[in-house]
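**Student:** let me see the structure of the following:
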Amino acid sequence: MKITTPMRITAADSESRTITGQIVAFDVAANASTGKVLFKAGSIEPASVKLNLEHDSSRPIGRSLNMAINPDNSGITATFKISQTSAGNDALVEAMDGLRDGFSVEAEATDFAYNEDGTMVVSAAQLVGVALTHNPAFDAARVERVAATEGDDEISESTEDAEETQPTEGDEVENAVTNAEAVESVEAAKSITAAAHAVAYTKPRLDFSAGKQLEMNIRAALGSEEARSYIAAASDTTDNAGLVPTRQLTTVINGLANSTRSNIDAISRGTLPDAGMSFELPKITQLPSVTVEDEGGTVADVDQNSEFLSVSVKKYSGAQTFSVELFDRSSPAFIDELMRNMAAQYAKATDTAVNAAIVAGATADGTTITTYPTAAELLGVIARGAASVYANTQGFARNIIMNTSQWSNVMTLNDAGRPIYNASQPSNAGGVVTPTSVRGNIAGLDLYVTANTAATTDTDGSILIVNPDAYTWYEGSTYQLRADVIATGQISVMMYGYGAIATKIGAGAFKVNKTS
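**Tutor:** Numbers count the residues shown, from 1 in each chain. So this is what the prediction gives:
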């Protein structure tokens with residue numbers, strides 16, 4: 001049985017817009033949607049917080065002016081300044097008329113336990129907000145008075161006795177305010193939210209008519225959290241219909257993509273020319289000759305020759321089409337995550353293209369390996385690769401690229417059980433390869449681990465020894481294009497960019513060769 005205490009609003013101040021009352025009662029159990037909740041005395045400390053409308057933090061209507069624990073330690077009483085907005089005006093009227101006359105605290109419980117009857121007993125909580133609500137849980141938490149500004153005469157005369165007992169100033173106001181028998185009847189509410197355990201709001205009385213459910217289904221499809229909560233309550237088949245909101249956080253779980261481009265990081269970079277779908281790079285094909293000649297001998301005359309290497313520019317793009325309703329009515333997190341994922345897919349496409357070009361131009365190891373290389377075999381691949389790259393490019397191999405399966409194998413390499421590449425205190429370090437980084441070092445070469453490769457297992461090209469100057473990735477800016485499709489009410493968003501991989505010297509890379 002629900003019990004309310006008659007209270008009457010008896011004072012209106014023409015110079016301020018305030019609502020005052022007890023926001024929470026200590027050592028009094030209240031029914032919340034998660035069960036009974038009881039705040040122990042002193043479990044909540046007064047704090048400066050906003051006054052929200054029906055627990056909607058996006059609709060604040062005021063802020064606390066003062067807040068204090070009651071002299072008898074029975075709860076907390078607060079006064080809130082109401083903003084001069086349409087919502088604030090409505091809230092003042094509704095509080096006076098008893099339509100929305102309950103206070104509901106919002107707190108994060110940090111220390112709590114359950115007693116034998118299932119009541120959640122809160123020993124410590126942080127006050128984060130207070131709501132003006134229509135359906136309270138605590139009877140002791142109540143709105144005691146409402147003060148309105150000029151233009152709100154109807155509020156100050158909302159009871160029959162208001163005109164006759166309207167105070168003017170000084171002690172008369174104080175006496176009128178503290179007269180508990182003359183205060184309008186109101187109810188109060190309380191709610192807690194905790195990081196690990198959330199105590200939701202009081203179960204409201206809901207209209208479960210077919211028309212209402214249809215309306216809420218439509219609103220929920222448009223993104224209304226209130227409508228989604230209503231549908232959850234309507235689906236409750238227990239004896240007492242209630243509302244247990246399922247909160248949807250903005251943190252998005254995404255284990256499908258990232259923006260790592262290990263192949264591009266392992267080679268040199270360049271700026272894409274500002275025009276054209278191809279460009280040319282001069283390449284020396286014949287060096288001049290210098291020989292040792294006897295006195296008076298004929299000097300060798302060999303011309304230096306060059307040719308132009310043509311590099312093709314490719315477009316990398318992706319698009320997403322969705323309705324204007326989804327764009328207008330969904331959380332901003334949807335668009336943010338969409339653009340992050342499109343950027344990640346762009347990174348994957350470009351990095352995969354670079355890996356394919358390196359593998360295609362690389363020199364195959366003349367020594368084949370039948371399985372994942374042992375420590376000795378890996379050193380052999382690196383040694384042969386370094387020599388091959390230097391001989392063909394007159395430059396050093398500085399980087400090694402591995403797919404994830406080869407990376408996993410390297411971390412298992414050991415000497416009599418002692419890890420070679422991830423020992424915490426190695427006496428003779430051969431490099432550093434760790435499971436927490438796609439960067440490392442193996443036998444003097446910088447390691448780049450890639451998942452953007454066709455060589456996903458122990459196959460040809462799963463290990464690449466690279467002179468980064470032999471390959472260059474040219475890239476310009478990325479662009480976004482939006483087009484509205486009027487006929488269907490849709491929006492198309494496109495992300496694209498241009499890039500080119502120049503294989504300057506194909507033999508500048510050396511790849512592992514697996515036995516067929």
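
**Student:** please pull out the lowest mean pLDDT helix or strand from this protein.
**Tutor:** Lowest by mean pLDDT, DSSP states H and E among the helices and strands of the chain is strand 189-192, with a mean of 34.

**Student:** wait, doesn't residue 449 sit right on residue 405?
**Tutor:** No. Residue 449 is beyond contact range of residue 405, at 10.3 Å (criterion: C-beta atoms under 8 Å). For every residue, glycine as well, the C-beta is placed using N, CA and C.

**Student:** more crowded one of these two?
**Tutor:** residue 449 (20 against 14; other C-beta atoms under 10 Å).

**Student:** where does this protein dip in pLDDT?
**Tutor:** Applying pLDDT under 70 to the chain flags the ranges 1-15, 31-35, 135-214, 229-248, 250, 423-429, 516.

**Student:** which stretches in it count as helices?
**Tutor:** 86-96, 153-156, 162-165, 171-177, 210-221, 225-234, 262-265, 324-329, 332-361, 375-393, 404-412 (DSSP state H).

**Student:** so for the protein, which residue is the most central one in space?
**Tutor:** residue 251 (3.8 Å; C-alpha atoms, centre = their mean).

**Student:** quick one: it and residue 333, what's the gap?
**Tutor:** Relative to residue 333, residue 251 is positioned 9 Å away (C-beta to C-beta, to the nearest Å).

**Student:** now residue 317
**Tutor:** Distance of residue 317 to residue 333, given as C-beta to C-beta: 24 Å.

**Student:** can you check residue 98 too?
**Tutor:** Counting by C-beta to C-beta - residue 98 and residue 333 are separated by 38 Å.

**Student:** more neighbours: which of these two?
**Tutor:** The residue with more neighbours, out of residue 98 and residue 333, is residue 98; 17 against 13, by other C-beta under 10 Å.

**Student:** please verify my assumption that residue 277 contacts residue 311.
**Tutor:** No. Applying C-beta under 8 Å, one finds residue 277 not in contact with residue 311, separated by 10.2 Å.

**Student:** so between the two, which is more surrounded?
**Tutor:** residue 311 (19 against 10).

**Student:** buried residues in stretch 76-94?
**Tutor:** Counting neighbours by 16 or more other C-beta atoms under 10 Å, one finds that the buried residues in stretch 76-94 are 76-83, 88-89, 91-94.

**Student:** can I get that stretch as CSV, trimmed to CA atoms?
**Tutor:** What follows is stretch 76-94, C-alpha atoms only, in CSV (Å, rounded to 0.1, in the frame of the first residue of the first chain):
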residue,chain,number,x,y,z
ILE,A,76,18.5,15.6,2.7
THR,A,77,16.6,18.7,1.9
ALA,A,78,17.5,20.9,-1.1
THR,A,79,16.4,24.1,-2.9
PHE,A,80,16.7,24.3,-6.7
LYS,A,81,16.8,27.3,-8.9
ILE,A,82,14.5,26.8,-11.9
SER,A,83,15.7,28.2,-15.3
GLN,A,84,13.6,30.7,-17.1
THR,A,85,12.8,28.4,-20.0
SER,A,86,9.5,26.9,-21.3
ALA,A,87,10.4,23.6,-19.6
GLY,A,88,11.2,25.4,-16.4
ASN,A,89,7.9,27.3,-16.5
ASP,A,90,6.0,24.0,-17.1
ALA,A,91,7.9,22.3,-14.3
LEU,A,92,6.8,25.0,-11.8
VAL,A,93,3.2,24.8,-12.8
GLU,A,94,3.2,21.0,-12.7
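
**Student:** run a quick neighbour tally on residue 435.
**Tutor:** Residue 435: 9 neighbours (other C-beta under 10 Å).

**Student:** how close does it get to residue 404?
**Tutor:** 11 Å.

**Student:** ok, which pair from the buried residues of stretch 76-94 is furthest apart?
**Tutor:** Maximum pairwise distance in those, criterion C-beta to C-beta, is 26.3 Å, between 76 and 89.

**Student:** OK, contacts around the spatially closest residue to residue 356 that is not a sequence neighbour?
**Tutor:** Distances taken as C-beta to C-beta, 6 or more residues apart in numbering put residue 454 closest to residue 356, at 6.8 Å, once the chain neighbours are dropped. Listed by C-beta atoms under 8 Å, 6 or more residues apart in numbering, the contact partners of residue 454 are 352, 355, 356, 359, 461.

**Student:** any idea how far residue 501 is from the first one?
**Tutor:** It refers to residue 352. 11 Å.

**Student:** could you do the fourth one as well?
**Tutor:** Using C-beta to C-beta, residue 359 is found at 12 Å from residue 501.

**Student:** cool, and the third one?
**Tutor:** The span separating residue 356 from residue 501 equals 9 Å under the rule C-beta to C-beta.

**Student:** the two: which is more packed in?
**Tutor:** residue 501 (23 against 17).

**Student:** just checking, residue 266 touches residue 401?
**Tutor:** Yes. In this structure residue 266 lies within contact range of residue 401 using C-beta under 8 Å: 5.3 Å.

**Student:** which neighbours do the two share?
**Tutor:** 448, 466.

**Student:** who has more neighbours, the two?
**Tutor:** Using other C-beta under 10 Å, the more surrounded residue of residue 266 and residue 401 is residue 401, with 30 against 26.

**Student:** tell me the contacts of the closest residue to residue 361 other than its chain neighbours?
**Tutor:** Among residues not flanking residue 361 along the chain, residue 506 sits closest, at 3.3 Å (C-beta to C-beta, 6+ apart). By C-beta under 8 Å, 6+ apart, the contact set of residue 506 is 360, 361, 362, 363, 470.

**Student:** just checking, the fourth one touches residue 512?
**Tutor:** I take that to be residue 363. No. Counting by C-beta under 8 Å, residue 363 sits too far from residue 512 to count as a contact (11.0 Å).

**Student:** which one of the two is surrounded by more residues?
**Tutor:** Taking other C-beta under 10 Å, residue 363 and residue 512 do not tie; residue 512 has more neighbours (28 against 19).

**Student:** could you check how far the more buried one is from residue 103?
**Tutor:** Residue 512 is 71 Å from residue 103, by C-beta to C-beta.

**Student:** same check, this time on residue 491
**Tutor:** Residue 491 is 43 Å from residue 103, by C-beta to C-beta.

**Student:** what's the answer for residue 130, then?
**Tutor:** Residue 130 is 6 Å from residue 103, by C-beta to C-beta.

**Student:** quick one, what contacts the residue lying closest to residue 27 once chain neighbours are set aside?
**Tutor:** Nearest in space to residue 27, with sequence neighbours left out and distances taken as C-beta to C-beta, 6+ apart, is residue 41 at 5.7 Å. Counting by C-beta under 8 Å, 6+ apart, residue 41 touches 26, 27, 73, 74.

**Student:** how far away is residue 41 from residue 323?
**Tutor:** 53 Å.

**Student:** now swap in residue 469 and tell me
**Tutor:** Counting by C-beta to C-beta - residue 469 and residue 323 are separated by 49 Å.

**Student:** residue 56 now?
**Tutor:** Using C-beta to C-beta, we find residue 56 at a distance of 25 Å from residue 323.

**Student:** again with residue 383
**Tutor:** On the measure of C-beta to C-beta, residue 383 and residue 323 end up 59 Å apart.

**Student:** residue 130 too?
**Tutor:** Distance of residue 130 to residue 323, given as C-beta to C-beta: 37 Å.

**Student:** right, I'll leave it there.
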